[in-house]
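**Student:** Below is the sequence, then the predicted model.
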Amino acid sequence: DQQVKQNSPSLSVQEGRISILNCDYTNSMFDYFLWYKKYPAEGPTFLISISSIKDKNEDGRFTVFLNKSAKHLSLHIVPSQPGDSAVYFCAARGNNDMRFGAGTRLTVKP
Amino acid sequence: DAGVTQSPTHLIKTRGQQVTLRCSPKSGHDTVSWYQQALGQGPQFIFQYYEEEERQRGNFPDRFSGHQFPNYSSELNVNALLLGDSALYLCASSLYMGGSSYNSPLHFGNGTRLTVT
């Protein structure tokens, strides 16, 4: 069962523009959400997280938005840089369970 | 400050064999979780160890077992390997805070690529 879905397997944006990565979840028990970035031949690296008591969390160029009623979260990267090119996973935690989405491959073109 | 280290990086085994993968957590971390990542999918939770005991387990058969040592390092063992066990196996460490590693972000190693032929 896919409780965390990233419906876009890939996304391509121009350097300097905004990248928006989306994630949907189905389990209302999830109350903590994370984004990880993965380069080839490396493990996922923690990027940013958000608790369900918030609707926005910002860290430099990265902002995560949470819409609990829609069970949807998104990661905004502004401005996008070529070094941001990687696979991005969203993850959701709740009730001692943690699930990952299948990932979105972001390509930032110079 | 050493991050999470895993060994070996690559491994090729035959169906029916057994395999042991190893993980050393990030310095200061006391909890180790193991994940399986098949091609094109996100990491799937196998189990988590804290204080040398399995604390949580995902939907994986008993062929998958583990161990945590007093120095917090961990092993993942898979018996009777199947072709479908071919995947990237990721180890992640975190800190067990206040009785839970709930809000402690996972720090992943680079993984062990297991190929079963």
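**Tutor:** Okay, I see it. Residues are numbered from 1 along each chain as shown, chains lettered A, B, ... in the order given.
**Student:** Residue A:107 and residue A:15 touch, don't they?
**Tutor:** No - at 10.6 Å, residue A:107 does not count as touching residue A:15 under the criterion of CB atoms under 8 Å. Every residue, glycine included, has its C-beta placed from N, CA and C.
**Student:** List the beta-bridge partners for the residue nearest to residue B:104 when sequence neighbours are not counted.
**Tutor:** Once flanking residues are discounted, residue B:104 sits nearest to residue B:94: 4.1 Å by CB to CB, 6 or more residues apart in numbering or on different chains. Note on residue B:94: beta-bridge partners residue B:31, judged by DSSP bridges.
**Student:** Need the pLDDT of the spatially most central residue of chain B.
**Tutor:** Compute the mean C-alpha point of chain B, and by CA atoms, centre = their mean the closest residue is residue B:34, 2.6 Å away. Note on residue B:34: pLDDT of 96.
**Student:** so it sits in a helix?
**Tutor:** No - counting by DSSP: H, G, I helix; E, B strand; the rest coil, residue B:34 is not part of a helix but strand.
**Student:** With adjacent residues omitted, what lies nearest to it?
**Tutor:** In this structure, residue B:34 finds its nearest non-sequential neighbour in residue B:46, 4.3 Å apart by CB to CB, 6+ apart.
**Student:** near chain B, which residues of chain A show up?
**Tutor:** Counting by CB under 8 Å from any CB of the partner chain, the positions of chain A adjacent to chain B are A:4, A:6, A:32, A:34, A:36, A:41-46, A:49, A:51, A:89, A:91, A:93, A:96-103.
**Student:** among these, which are in strands?
**Tutor:** A:4, A:32, A:34, A:36, A:45-46, A:49, A:51, A:89, A:91, A:93, A:97-100 (DSSP state E).
**Student:** now for those, which pair is the farthest apart?
**Tutor:** A:45 and A:97 (21.9 Å; CB to CB).
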